[in-house]
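Novice: return atomic coordinates for the entry below.
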Amino acid sequence: MVVVMAADATAEDVAHVVERVEALGGKAFVSQGVVRTIIGLVGDIDGFHGLNLRAMRGVAAVHRISDPYKLVSRQHHPERSTVWVGKVGAQVPIGPMTFTFIAGPCAVETPEQTLEAAIMAKAAGATLLRGGAYKPRTSPYAFQGLGRKGLDILAAVGEATGLPVVTEVVDARDVAEVAEQADMLQIGTRNMANFGLLQAVGEAGKPVLLKRGMTATIEEWLMAAEYVAQRGNLDIVLCERGIRTFEPATRNTLDISAVPIAQSASHLPVIVDPSHAAGRRDLVVPLARAAIGVGADGVIVDVHPDPEVALCDGPQALHGSELRALAQAVRQLPPLVGRGPAEAASITPAG
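Specialist: Numbering: from 1, shown residues only. From the prediction side, this is the model:
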């Protein structure tokens, strides 16, 4: 069961609902979004109905949700959500009215490389900067990222270019440190089912970019989002980045159908990562065009000033003519499907 609080509900109103539920022996998980607060209830559903929660001050609606993912389901939230990333007054929206272009180096290597990649990304139209300071790799001998030094570089480049920063966190012990520097915390495919990490980022107070696990079903992906939401954070963006199949022609198989399916099941925004799906730069632009056509809320891509010497995923990083082609696609195609550019502070959050 889910209790939706009114936009003008106070902290005291929320506390009264929680107290009444807990007095019955239930558990109440409070999740705060940009425009509303939602309380997920666990326990005796029939008993909760007897509490007459709908009549309590500050309560807008009470819903019995059949989906296993309660807080991220569209059953109680039929309108799709917009997630705002960045500092107040310069926030970038990710949601159904805009198309958000996120770009940057897969890995932070040096201050010079990161700044050059960020300038390339911004010139191509990106409004959010991605970059990896911590890199979970298949091989223990591969470059694992610069860690704290990489975070410092990324934050400095974000400040210099005016781009809010998206970066991955791989360990629950690092969440607070990463949240100090980043505007959005990314959970990578290898950690989608790391439930302790999901709970930690849910408590961090920053928007979360949740990539789909390489063997995860859409329901498992949404249940992972529920772990974040249950810890108080509804500012979650889902990212389809390709799944593992029998086909070796690409690094992963981009499940383009996952975008409308996830959007129909959940109110959360859904973006696409064509770089990690393809593993080949010649396929990134076609897959990005497909993402726009199918209704994705944005794309996140790798760019690098010199992919041939990149320490991570150079074969899929864009530069030169490929990046210019992508810039043209994200400028020209979204308006054809009713999307505008996701410029900083282009919309004022309600509430």
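Novice: got a pLDDT number for residue 259?
Specialist: Per-residue pLDDT puts residue 259 at 98.
Novice: how deep is the residue lying closest to residue 10 once chain neighbours are set aside tucked in, by neighbour count?
Specialist: Leaving aside its chain neighbours, residue 10 sits nearest to residue 58 (6.3 Å; criterion: Cβ to Cβ, 6 or more residues apart in numbering). Bear in mind the C-beta positions are built from the backbone N, C-alpha and C, glycine included. Residues lying near residue 58 (other Cβ atoms under 10 Å) number 19.
Novice: show me the contacts for residue 58.
Specialist: The contact partners of residue 58, taken as Cβ atoms under 8 Å, 6 or more residues apart in numbering, are 5, 6, 8, 9, 10, 13, 14, 16, 17.
Novice: assign residue 312 to helix, strand or coil.
Specialist: Residue 312 carries the three-state label coil when classified by DSSP: H, G, I helix; E, B strand; the rest coil.
Novice: can you pull the pLDDT of it?
Specialist: As summarised for this prediction, residue 312 has a pLDDT of 88.
Novice: just checking, it touches residue 131?
Specialist: No. Using Cβ atoms under 8 Å, residue 312 makes no contact with residue 131, being 10.6 Å away.
Novice: who has more neighbours out of the two?
Specialist: The residue with more neighbours, out of residue 312 and residue 131, is residue 131; 32 against 20, by other Cβ under 10 Å.
Novice: could you measure from that one over to residue 117?
Specialist: Distance check for residue 131 against residue 117: by Cβ to Cβ, to the nearest Å, it reads 8 Å.
Novice: so what sits against both of the two?
Specialist: With Cβ under 8 Å, 6+ apart, residue 131 and residue 117 have common neighbours 104, 105.
Novice: where does this structure dip in pLDDT?
Specialist: In the predicted model of the chain, residues 34-35, 344-351 satisfy pLDDT under 70.
Novice: domain parsing for it?
Specialist: The record's domain parsing of the chain by automatic domain parsing lists 2-63, 83-341.
Novice: which residues do residue 312 and residue 131 both contact?
Specialist: 106, 107.
Novice: please enumerate the helices of the stretch 101-250 of the chain.
Specialist: Along the stretch 101-250 of the chain, counting by DSSP state H, counting those that start in this stretch, helices occupy 111-123, 148-161, 175-181, 195-202, 218-230.
Novice: related to what we said a few turns ago, out of the contacts of residue 58, which end up buried?
Specialist: The neighbour-count test (16 or more other Cβ atoms under 10 Å) marks 5, 9, 13, 14, 16, 17 as buried among the contacts of residue 58.
Novice: pretty sure the third one is touching residue 60, no?
Specialist: Which is residue 13. No. Assessed by Cβ under 8 Å, residue 13 is found out of contact with residue 60, at 10.5 Å.
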